[in-house]
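1. Below: sequence and its predicted model.
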Amino acid sequence: MSGISEDVLAKVRAGMQGLQPPSHFDKVYKDECMYSFDNPESPGGLYVNLKSYQGVGEDYLELDHQKSGNTLYLHLLWERVPMSEEEMAAMAAVEAANKPTKLALGAEGGFALEAQKTYTLEKSASLVVLQGAEQTRLTVPLPCPDLPELVLNVITAIQAHEGASKQEAVAAWEEERRVSKYAENLPQLDTGRRISPNPADWQCDETGVTENLWLNLSTGHIGSGRQYADGSGGNGSALRHYEATGRRYPLVVKLGTITPAGADVYSYALDEEDMVLDPYLAKHLAHWGINMMQMEKTSKTMAELEIDMNVAYEFSALTESGAKLQALSGPGHVGLVNLGNSCYMNSVLQVLFSLTELSERYVQPAADIYSSAPAEPSSDLPTQLAKVGVALVQGRTGKPPASTAAGAGGGKAGTQAADAAVPMDTSDSKDVDNNQFQQQAAEVMAAAQQADHQQQPMDTAHVGGGQSETAVQEANSVKPAAFKALVGRGHPEFSSGRQQDAAEYLLHLLQLISRAEHAAASRLNIPDGQGLTPSIFNITLEDRTQCLTTSRVSYR
């Protein structure tokens, strides 16, 4: 590549003070903007501050420059290139050969959290030097060996770094099975029964059925399992036997799943009532004449059955009264991507930002919240609430328009959908521009509401220029990973990838919001006497007592 001028090098050197490559323990926010969901695939790309390692979108670059005083940024810009038919066919073959083999999300052998990509990414990077609000930015395409060695080392370290989103990721989740507390001292009756190793000899002792059979490890009784959600399965005789024997023998093993590596064991005990592990399974089976080391699998495990149901079920075909629903898009209709058992959080956020009070506190003053954010916006709850709220309420997802996401030229409708996200200007004319922003956002929301009233939703054809539903869903959704990491920080359950209760999460979140608003009341312009956000859920109860003799009434 051709060299760069001495004038540019001088400006680069002027901004080098304080630069150092990020270490393994530093967090590098190179995947997503601190204030929005802009990312390297967004139309303006992502700018990574070479000193703080924080990424910001095009609309927040000047804000970050003003707050940090930094002038050097790594600009990441990725463009989607549609795959050829041959590449698509090869990808389909790989996907077919790698069907889920275990009940897991985001982990090897489990269900993927994202749809299979139909494109490749053409990545470009450059060094951007800011010279002031009124001056042109200087751009140095990378790689450029003429840059100072320290700058090159910092850029290389940022590009090679794992990234904060992956460091904090809890997406990978697998079904956890705990060791049953009844396994170690499990009673086994001496009935003299021996179970044949031949699956053809197995049948329910009560009903004679030959499918979905479970052996009670204490009594030797073979019973039918419970009925599945789709109506198949068994008749529940194994559970009835457990209840008939005084609920003293809780552990059962599914016949046909026994192999030298283990088997499906279930505990009917009320304090477990789940799939469990039995470390003494070989000994327990030997009591009934079953040599675990010689057994072969002849039936599907419970995890395999659940996987089959998940694969067969069409999650995208949401139905109501037998009719397929139209997917809505745009402001007020933005989706939240499941990060791996994060549906409890997504549901709570969708409900909260459907309330006017949350929008008035966090969405409308978002620009002021961002400008007053601390040096680490990812740890600031008001900033992260505003970030999620702006995406949900105003439709600012930071994604390429659906037509681009699908790898085709999607027409005027797709362009208009992309233009609906109006940038926030942080220049001196901020008040005027912010008012304009709010006015345009309100117009978009009004259009969406009018479409709802007319029963003409902003469906996939409107927003995506006729592109596929999958592409539109991707363009109309965001991943609240930073929010999840912040709210779950330090909590033993909400920091994990396990399933949680939405009501418990709501209470936890409201507690954090209350603390944050109490500490930042002036910053959030909460006047004295005005309740904090959790107060909108308060209710007042009144007792009315009436005397039956005098008919007098008292209230308290």
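-> All right, it came through fine.

2. so who does the closest residue to A375 other than its chain neighbours touch?
-> Once flanking residues are discounted, A375 sits nearest to S52: 7.3 Å by Cβ to Cβ, 6 or more residues apart in numbering. For glycine as for every other residue, the C-beta is placed from the backbone atoms N, C-alpha and C. Neighbouring residues of S52 by Cβ atoms under 8 Å, 6 or more residues apart in numbering: 68, 70, 375.

3. Sort out for me which of these are in helices.
-> Among the contacts of S52, the residues falling in helices (DSSP state H) are S68.

4. Pull out the buried members of the contacts of S52.
-> N70 (16 or more other Cβ atoms under 10 Å).

5. List just the nearest of the contacts of S52 to F25.
-> A375 (17.4 Å; Cβ to Cβ).

6. quick one, what contacts that closest one?
-> 52, 67-68.

7. Can you lay out the residues you listed as TSV showing distance to P82 and pLDDT?
-> Output for the contacts of A375, formatted as TSV (distance: Cβ to Cβ, whole Å; pLDDT from 0 to 100):
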residue	distance to P82	pLDDT
S52	36	95
K67	39	94
S68	38	93
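
8. could you redo the residues you listed as TSV and give each row distance to L213?
-> Formatted as TSV, these follow (distance: Cβ to Cβ, whole Å):
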residue	distance to L213
S52	61
K67	66
S68	66
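
9. Which of the three states applies to A125?
-> Secondary structure state of A125, per DSSP: H, G, I helix; E, B strand; the rest coil, is strand.

10. Please list all residues in contact with it.
-> Contacts of A125 by Cβ under 8 Å, 6+ apart are 74-77, 142, 155, 159.

11. Identify the farthest-apart pair in those residues.
-> It's L77 and I155 that sit farthest apart of those, by Cβ to Cβ, at 14.4 Å.

12. who has more neighbours, these two?
-> Each of L77 and I155 has its neighbours counted (other Cβ atoms under 10 Å); I155 has more, 23 against 17.

13. So the more buried one sits against L50, correct?
-> Yes. Contact criterion Cβ atoms under 8 Å: I155 and L50 qualify, at 7.3 Å.

14. shared neighbours, the two?
-> Counting by Cβ under 8 Å, 6+ apart, the contacts common to I155 and L50 are L74.

15. Can you report how many residues neighbour E206?
-> Using other Cβ under 10 Å, E206 has 17 other residues around it.

16. Quick check: bridge partners of R80?
-> L121 (DSSP bridges).

17. State the distance from it to E122.
-> 8 Å (Cβ to Cβ, to the nearest Å).

18. Those two - which one has more neighbours?
-> R80 (17 against 10).

19. Quick check: pLDDT value at that one.
-> What the model reports as pLDDT for R80 is 87.

20. Just the C-alphas of stretch 195-210, formatted as PDB.
-> Taking C-alpha atoms only, stretch 195-210 is exported to PDB below (Å, rounded to 0.1, in the frame of the first residue of the first chain):
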ATOM      1  CA  ILE A 195     -35.400 -58.900  34.100                       C
ATOM      2  CA  SER A 196     -34.700 -60.300  30.700                       C
ATOM      3  CA  PRO A 197     -32.000 -58.500  28.700                       C
ATOM      4  CA  ASN A 198     -34.100 -59.100  25.600                       C
ATOM      5  CA  PRO A 199     -36.300 -56.000  24.800                       C
ATOM      6  CA  ALA A 200     -38.900 -58.300  23.200                       C
ATOM      7  CA  ASP A 201     -39.700 -59.700  26.600                       C
ATOM      8  CA  TRP A 202     -40.500 -56.300  28.200                       C
ATOM      9  CA  GLN A 203     -44.000 -55.300  28.900                       C
ATOM     10  CA  CYS A 204     -46.000 -53.200  31.400                       C
ATOM     11  CA  ASP A 205     -46.900 -55.400  34.400                       C
ATOM     12  CA  GLU A 206     -50.200 -53.600  34.700                       C
ATOM     13  CA  THR A 207     -51.400 -53.000  31.200                       C
ATOM     14  CA  GLY A 208     -49.200 -55.100  28.900                       C
ATOM     15  CA  VAL A 209     -48.100 -52.200  26.700                       C
ATOM     16  CA  THR A 210     -44.600 -52.600  25.300                       C
END
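
21. List the buried residues of it.
-> 195, 202, 204-206, 209.

22. Distance from that stretch to the middle of the chain?
-> Its chain's average C-alpha position is 44 Å from that of stretch 195-210, according to Cα atoms, centre = their mean, to the nearest Å.

23. go on, stretch 134-141?
-> 36 Å.

24. cool, stretch 536-553 as well?
-> 46 Å.

25. State the mean pLDDT of that stretch.
-> For stretch 536-553, the per-residue pLDDT averages 90.
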